[in-house]
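J.: Model the structure of this input:
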Amino acid sequence: MKRNTDSLTRKEYDLVVVGGGIFGICAAWDAALRGLSVALIERGDFSQAASANCFKMVHGGIRYLQHADLPRIRESSLERNALLRIAPHLVHPLPIVVPTYGHGVQGKAAFCAGLSAYGLITLDRNKGILDSTRRVPLGHLMSRQECLSRFAGLAPAGLTGAVVIYDGQMYSPSRLAISFLRSAVEAGAMVTNYVEATGFVHSKSGQVKGISATDVLSGDRLVIRGKVVLNAAGPWAERLLSDSMNVHLIPQAAYSRDAYFVVTRRLAGDAALAVQGKTRDPDAILSRKQRHLFIVPWRDYTLIGVWHMVYAGAPDACVVSEDDLEEFVEEINAAYPPLKLKRDDVLMWQSGLVLFGDNKPGAVHLSYGKRSRIVDHARDHGINNLITMIGVRYTTARREAQKAVDLAIKKLGKKTRSASTSTTPIFGGDINNFEEFISRGWASCPAELTSDAKRALLHKYGSKYAGVLKYLSENPAWVETVGASTVTKAEVVHAIREEMAQKLGDVIFRRTELGTAGHPGGSAVKACAKLMASESGWSESQMQNEVQEVERFLSLHGSRNSTAGEMLNPGPRLQCVSAV
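T.: Now for the predicted structure:
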């Protein structure tokens, strides 16, 4: 992955993709595998917005049972299966414990019936997954006694036990997106970050012929020619349409600010816990009293969320306030008092704008977004060769991208080779058995690395981890970790030389996990900045500007460790979940 904006203007591409989130990235990979010439541009860094800030869950569709939405159940289950197959280093099964109270719709019997129905609908949920550690069990019941012994503090009144269901979890949404992107590049796609689309190039007859763009880093103006343009800019897609073409989607897209926070203490055990929040689902045919909030173990931390809020403002201005955080902490403590969370336990908040349902102003019980939108502008607006795709869930990005590329190929009127992104391992995903891979890779890792650093390296880069270790022959000192993290200096160099990291934040928040769970410590930020300055030829003032930009971002996202100097060590485990 080498950034070369000049090459974007030298040819006409079959498909130009605007937007480097997971939906646009998957489209670029799918199209390139089918033999199309593809260019993808992103106004910021790849996977910078909602894709990087999702809740890290890979949904198998079980919650759609309460909507009796069989197509979405099937689609979600198949897409979870695909991610577990093609990215075994970055996606794994996650058990979730759901306590049950009373009887009827709220009780264990109803949940058990739903679980059985889900099992029948998703009989093929593990099709093609040879690695037993990546297979998704159907789930099982937990007795009342066992539930109370494992979850100290659950309200005992009316408790009948629990149901343990399974979904998937991402090790790192950003690394997953980068792996998809590297797969696209290997297949021939031209990708460039920090290039902002400013408008569509079109004829008087209404035929789109490409896009006009600006290199955000240099200020240069570009024209990128394409036979078909896919507008996959997420919540920025409509603004691009209205500003350049005076086109408005009907109905206008609505968005939710989906937010959660990262807690310094990790849950004991492997399972997530579902607790009931304050709102309910007005669209459910069969529903529990309230929607669930989830307390989820993730690496050395705990994720808690998700909170939804209808958001109609500018995408770049979407934030979570201190008041919001205080309310979140108060609600989760009310839902599960044993947590006893304080604001200081929150390392950072993360949020993204997600396509949402149609809700009346001031509504408390919100209608969620149902499906992604793929708009054929020739059909809807008389504009040829333009498609808009606005996605809902990270889990289904691959399938939605496939649909958009199918439409693009139809417009191109050309035959393409067949390709299956549901079974083709992504970059680093060529692994038959993950634990066996870990055992083999362990011996190849330098002895200087801690056990945690070795495992993290193998998770992030999968079968391509040797591409990081090769830099140690150039400089053995790059085996050192950055600050108190598990991130090696070799990974920073790798991100700059091979993964198009242009800014310090690209490395800290997306190419590595340095800043994905809070402030990594001042010394880690400075060490990373110095190495990046050396590699990228930054002046001292430019390096300081990059450091300040990272500090501002961390401060905005609720991190209170900005002056700590070292990475905040995880505190004692949250003693509310035992191993399941």
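
J.: can I see the domain layout of this structure?
T.: 8-50+174-251+371-412, 84-170+255-356, 434-511+519-556 (automatic domain parsing).

J.: in stretch 201-213, what's buried?
T.: 201, 202, 208, 209, 210, 211, 213 (16 or more other C-beta atoms under 10 Å). C-betas here are computed from N, CA, C, even on glycine.

J.: Stretch 121-131 now?
T.: Buried, per 16+ other C-beta under 10 Å, within stretch 121-131: 121, 122, 125, 126, 129, 131.

J.: Residues in contact with stretch 104-124: which ones?
T.: Where contact means C-beta atoms under 8 Å, 6 or more residues apart in numbering, the residues beyond stretch 104-124 that reach it are 60-62, 65-66, 70, 73-74, 77-78, 81, 98, 100-101, 103, 138-139, 141, 160-163, 165, 286-289.

J.: Not counting its neighbours along the chain, what's nearest residue 76?
T.: residue 61 (3.0 Å; C-beta to C-beta, 6 or more residues apart in numbering).

J.: Surely that neighbour touches residue 71?
T.: No. With contacts counted by C-beta atoms under 8 Å, residue 61 stays clear of residue 71, the gap being 9.5 Å.

J.: circling back to that earlier point, out of the buried residues of stretch 201-213, which one has the weakest pLDDT?
T.: In terms of pLDDT, residue 202 ranks lowest among the buried residues of stretch 201-213, with 89.

J.: Could you check how far the closest residue to that residue other than its chain neighbours is from residue 371?
T.: Spatial nearest neighbour of residue 202, excluding adjacent residues (C-beta to C-beta, 6+ apart): residue 208 at 4.8 Å. Separation of residue 208 from residue 371 (C-beta to C-beta, to the nearest Å): 25 Å.

J.: ok, now residue 451?
T.: According to C-beta to C-beta, residue 451 and residue 371 sit 43 Å apart.

J.: Between those two, which has more neighbouring residues?
T.: residue 371 (15 against 10; other C-beta atoms under 10 Å).

J.: quick one, phi psi at the residue nearest to residue 135 when sequence neighbours are not counted?
T.: Once flanking residues are discounted, residue 135 sits nearest to residue 126: 4.4 Å by C-beta to C-beta, 6+ apart. Backbone torsions of residue 126, given as degrees, to the nearest 10, read phi -110, psi 20.

J.: hang on, isn't residue 126 packed against residue 132?
T.: No. Look at residue 126 against residue 132 with C-beta under 8 Å: they stay out of range, at 9.2 Å.

J.: give the contact list for the residue nearest to residue 202.
T.: Residue 208 neighbours (C-beta under 8 Å, 6+ apart): 200, 201, 202, 226, 228, 229, 377, 383, 384, 385, 386.

J.: Could I get these in a markdown table, plus columns for secondary structure and distance to residue 413?
T.: Output for the contacts of residue 208, formatted as a markdown table (DSSP: H, G, I helix; E, B strand; the rest coil; distance: C-beta to C-beta, whole Å):
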| residue | secondary structure | distance to residue 413 |
| --- | --- | --- |
| 200 | strand | 21 |
| 201 | strand | 20 |
| 202 | strand | 19 |
| 226 | strand | 15 |
| 228 | strand | 10 |
| 229 | strand | 16 |
| 377 | helix | 17 |
| 383 | coil | 17 |
| 384 | strand | 12 |
| 385 | coil | 11 |
| 386 | strand | 16 |
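
J.: tell me which element residue 533 falls in.
T.: Assigned by DSSP states H and E, residue 533 belongs to helix 522-536.

J.: what comes up buried for that helix?
T.: Applying 16+ other C-beta under 10 Å to helix 522-536 flags 522, 524, 525, 526, 527, 528, 529, 531, 532, 533, 536 as buried.

J.: how far is it from where the chain is centred?
T.: Centroid separation between helix 522-536 and its chain, computed with C-alpha atoms, centre = their mean, to the nearest Å, is 26 Å.

J.: what's the answer for stretch 56-69, then?
T.: Distance, centroid of stretch 56-69 to centroid of chain: 17 Å (C-alpha atoms, centre = their mean).

J.: Between the two ends of that stretch, how far is it?
T.: Chord length of stretch 56-69, first to last residue, is 23 Å (C-alpha to C-alpha, to the nearest Å).

J.: Identify each buried residue in it, please.
T.: 56-67, 69.

J.: How about stretch 462-479?
T.: Neighbour-count burial for stretch 462-479 [16+ other C-beta under 10 Å]: 462, 463, 464, 465, 467, 468, 469, 471, 472, 478, 479.

J.: for stretch 423-441, same thing?
T.: Quick answer for stretch 423-441 (16+ other C-beta under 10 Å): 424, 425, 426, 427, 428, 429, 431, 434, 437, 441.

J.: Output the buried residues of helix 522-536 in TSV, with pLDDT and distance to residue 495 appended to each entry.
T.: Converted to TSV, the buried residues of helix 522-536 look like this (pLDDT from 0 to 100; distance: C-beta to C-beta, whole Å):
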residue	pLDDT	distance to residue 495
522	94	20
524	96	15
525	97	15
526	96	17
527	96	14
528	97	10
529	98	13
531	97	10
532	97	9
533	98	14
536	96	11
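
J.: Return the member of the residues you listed nearest to residue 3.
T.: residue 536 (11.2 Å; C-beta to C-beta).

J.: Please verify my assumption that the closest one contacts residue 495.
T.: No. Using C-beta under 8 Å, residue 536 makes no contact with residue 495, being 10.9 Å away.

J.: Remind me what the strand or helix carrying residue 505 packs against, helices and strands.
T.: Taking DSSP H and E as the criterion, residue 505 maps to helix 504-505. Here helix 504-505 touches helix 522-536, helix 540-556, going by 3 or more C-beta pairs under 8 Å, 6 or more residues apart in numbering; DSSP states H and E.

J.: So for residue 293, which of those sits nearest?
T.: The nearest among the helices and strands packed on helix 504-505, by C-beta to C-beta, is helix 540-556 at 23.5 Å.

J.: quick one: that closest one to helix 522-536, angle?
T.: 140 degrees (axes from the mean of the first three to the mean of the last three C-alpha atoms, to 10 degrees).

J.: Please state the offset of helix 540-556 from the chain centre?
T.: For helix 540-556, the distance to the chain centre is 24 Å (C-alpha atoms, centre = their mean).

J.: Run the chain-centre distance for stretch 210-229.
T.: 26 Å.

J.: Please, where are all the strands along the stretch 51-200 of the chain?
T.: Along the stretch 51-200 of the chain, the stretches classed as strands by DSSP state E, counting those that start in this stretch are 57-58, 91-101, 140-142, 159-170, 190-193, 195-202.

J.: My guess is residue 434 contacts residue 130. True?
T.: No. With contact defined as C-beta under 8 Å, residue 434 does not count as touching residue 130 (10.7 Å).

J.: about what we covered before: check which strands are paired with the host helix or strand of the residue nearest to residue 202 and give the direction for each one.
T.: Element membership for residue 208 (DSSP H and E) is strand 208-215. Strand pairing for strand 208-215, determined by DSSP bridges: strand 195-202 (antiparallel), strand 221-231 (antiparallel).

J.: Buried residues, the shortest one. List them.
T.: In terms of neighbour count (16+ other C-beta under 10 Å), strand 195-202 has its buried residues at 195, 196, 197, 200, 201, 202.

J.: how about those in TSV, adding distance to residue 551?
T.: As requested, the buried residues of strand 195-202 are exported to TSV (distance: C-beta to C-beta, whole Å):
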residue	distance to residue 551
195	26
196	24
197	29
200	37
201	39
202	42
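
J.: From those, pick the one nearest residue 401.
T.: Distance to residue 401, by C-beta to C-beta, is smallest for residue 197 among the buried residues of strand 195-202, at 18.0 Å.

J.: low pLDDT regions in the chain?
T.: Scanning the chain for pLDDT under 70 picks out 279-289, 357-370, 560-580.

J.: Run through who's touching stretch 393-405.
T.: Stretch 393-405 is contacted from outside by 15, 22-27, 29-31, 34, 36, 51, 54, 57-59, 75-76, 78-80, 82-83, 168, 170, 173, 230, 232, 354, 372, 374, 387, 389, 391, 421-422, using C-beta under 8 Å, 6+ apart.
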